[in-house]
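In: Return atomic coordinates for the entry below.
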Amino acid sequence: MGIDLFMYMRSEMSLTAIIFILLAFKIFSNDEKPVVQMALVNILLLANLVLGLWATGDATLFNGMYQTNATLVLQKTVLNIGTLLVSLMAFDWLKNHKHLLEFYILLLTTLLGMDFMISSGNFLMFFLGLELSSIPLAAMVNLDLEKRKSAEGAMKMILSSAFASAITLFGISILYGTTGTLNFTQMKPLITGSELQLLAFIFIFVGFAFKLSSVPFHLWTADVYEGAPVPVTSYLSVISKGAIVFIFITVLYNLFASLQSTWTNMLYLSIVLTITVGNLFAMRQNNLKRFLAFSSIAQVGYILLGISSGSALGISSAIFFLLVYTFSNLGAFGVIAVVSAHTGKEAISDYKGFYATNPWLSWVLTICLFSLAGIPPTAGFFGKMFLLTAGAAKGNWALIIIAAMNMVISLYYYLRVVRAIFMEKNEQPIAPVKGSNTLKLALAICVVGVVVLGFAGNLFQHINTIIAK
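Out: Numbers count the residues shown, from 1 in each chain. Sure thing, here's the model as predicted:
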């Protein structure tokens, strides 16, 4: 039983072990060099990723509180890949940071909460995972202790998270009152669409919308992204949102399947607002972190478009897109992170003439921005194509046309950055930035992922096969 328990919960147990190892280092090994500590963490994260790739069967543990299957393992693998890349890219920022180990402990604690949340088969486990993944994030946002914007971002993060959690918990309490259980399997046949249950669903939907930064519940996003250190911002935009998308799919498709007509209409409205507002506000930004914040809001709209199909294709397209989005967004943030760590510059105007002094970083940023815009032959084009195909299965062509038009609009602000890099001159361009070998490795992985995944049709078919089982 012990071996089986470890195999089914290997991601959670390995993360817990890593956290205790880092705590031991913090207490007993204060003289270790930062480079040694970061190398140890990256090796452990790689081991965690490899361990998570082992195939296991379906299982339900702790009286339905915890569940696992091939789809959930795949979702955790996507998060593990992203977390390892964030860790590699954070090297230049962390090597001079006095709270290095605290950063990693908080980071892995949030990832542990996300894993529990994804595998939850009970609202109690879901909420515990949600809080475990949310509260340490606010502390991570405030890791630049000397910066006022970092403290302001952390305050907005904790207040918005508390508000969203309270709304979600209120919805859960109403569901418990109408069904008498918190177990997903037992609750599913008891959801009949009564007035109280519809109210509960609206509260839960709003809670998820806050976490996803879906319009109109997005107002905290740009300020938090701007105030947080760049590695934390990249983690928020990719890993945190990815985990919420995964559990959102589970809740919609499994628990609230009988209310599909209701949540489909709510998703339609959210999709139109999220994509449009995200694009329009991204056009006005000069700070690159705020720019990518509104870009990520628009990307959430496309993910919701795929989810709105209510089909296995929708799940497959969302998982594939999130994998592509991981490489694309983290690659862009990696360039911003190393430039910010060495120069402190984060404005689009600062990147004028960037190609003249940093050609390698310029091409990395450009390729990743092309992927975020959905320009072929990058993987972002295929990811959005699969999402649009899944959404089109419902026959709502007006929604597809609006999404496609917004893709055209997004070209303007993505190419605006590319133009600044390659075509505009700057009397004082950013000096040549020499990033660490660790960062270069992470950026190379992102570029390869963006390019190769665009032609890896077998990968999407593999994901679709796993989902269809």
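
In: Could you list every helix and strand in contact with the helix or strand where Leu111 lies?
Out: Using DSSP states H and E, the element containing Leu111 is helix 100-118. In terms of contacts (3 or more C-beta pairs under 8 Å, 6 or more residues apart in numbering; DSSP states H and E), helix 100-118 is packed against helix 10-28, helix 34-52, helix 70-89, helix 123-141, helix 241-250. In this view, the C-beta of every residue, glycine as well, is placed from N, C-alpha and C.

In: any chance of these in CSV, with mean neighbour count and distance to Ala442 too?
Out: Listed next are the helices and strands packed on helix 100-118 as CSV, based on neighbours: other C-beta atoms under 10 Å; distance: least, C-beta to C-beta, whole Å:
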stretch, mean neighbour count, distance to Ala442
helix 10-28, 17, 19
helix 34-52, 17, 10
helix 70-89, 23, 4
helix 123-141, 21, 19
helix 241-250, 23, 17
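
In: a markdown table for those, including distance to Gly310 and mean pLDDT?
Out: Putting those into a markdown table (distance: least, C-beta to C-beta, whole Å; pLDDT from 0 to 100) gives the following:
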| stretch | distance to Gly310 | mean pLDDT |
| --- | --- | --- |
| helix 10-28 | 28 | 86 |
| helix 34-52 | 28 | 85 |
| helix 70-89 | 16 | 88 |
| helix 123-141 | 21 | 88 |
| helix 241-250 | 10 | 89 |
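
In: out of those, nearest to Ala420?
Out: Between Ala420 and the helices and strands packed on helix 100-118, the shortest gap by C-beta to C-beta is with helix 70-89, which sits at 22.0 Å.

In: So, low pLDDT: which residues of the stretch 301-450 of the chain?
Out: Residue ranges of the stretch 301-450 of the chain with pLDDT under 70: none are present.

In: now the helices for it?
Out: Here the stretch 301-450 of the chain has its helices, by DSSP state H, counting those that start in this stretch, at 312-343, 354-357, 359-373, 379-392, 397-422, 437-452.

In: any idea how far the fifth one is from the chain center?
Out: Helix 397-422 has its C-alpha centroid displaced from the chain centroid by 21 Å (C-alpha atoms, centre = their mean, to the nearest Å).

In: Can you list the buried residues in that helix?
Out: Neighbour counts over helix 397-422 (16 or more other C-beta atoms under 10 Å) mark 399-400, 402-403, 406-407, 410, 413-414, 416-418, 420-422 as buried.

In: what do you get for the shortest one?
Out: Using 16+ other C-beta under 10 Å as the burial criterion, the residues of helix 354-357 that qualify are Phe354, Tyr355.

In: can you list the residues that contact that helix?
Out: Leu361, Ser362, Ala420, Ile421, Phe422, Pro429, Ile430, Ala431, Pro432 (C-beta atoms under 8 Å, 6 or more residues apart in numbering).

In: again, 6 Å this time
Out: Ser362, Ile421, Phe422, Pro429, Ile430, Pro432 (C-beta atoms under 6 Å, 6 or more residues apart in numbering).

In: and the first one, what is it in contact with?
Out: What it means is Ser362. Contacts of Ser362 by C-beta under 6 Å, 6+ apart are Phe354, Tyr355, Ile421.

In: same check, this time on Asn96
Out: Contacts of Asn96 (C-beta under 6 Å, 6+ apart): none.

In: rerun that using 8 Å as the cut-off
Out: Asn96 neighbours (C-beta under 8 Å, 6+ apart): Pro34.

In: sec struct for it, please.
Out: Secondary structure, DSSP: H, G, I helix; E, B strand; the rest coil: Asn96 is coil.

In: And the protein, split by domain according to the record?
Out: Following automatic domain parsing, one gets these domains for the chain: 1-253, 256-469.

In: what two of the contacts of helix 354-357 are the furthest from one another?
Out: Phe422 and Pro432 (16.5 Å).
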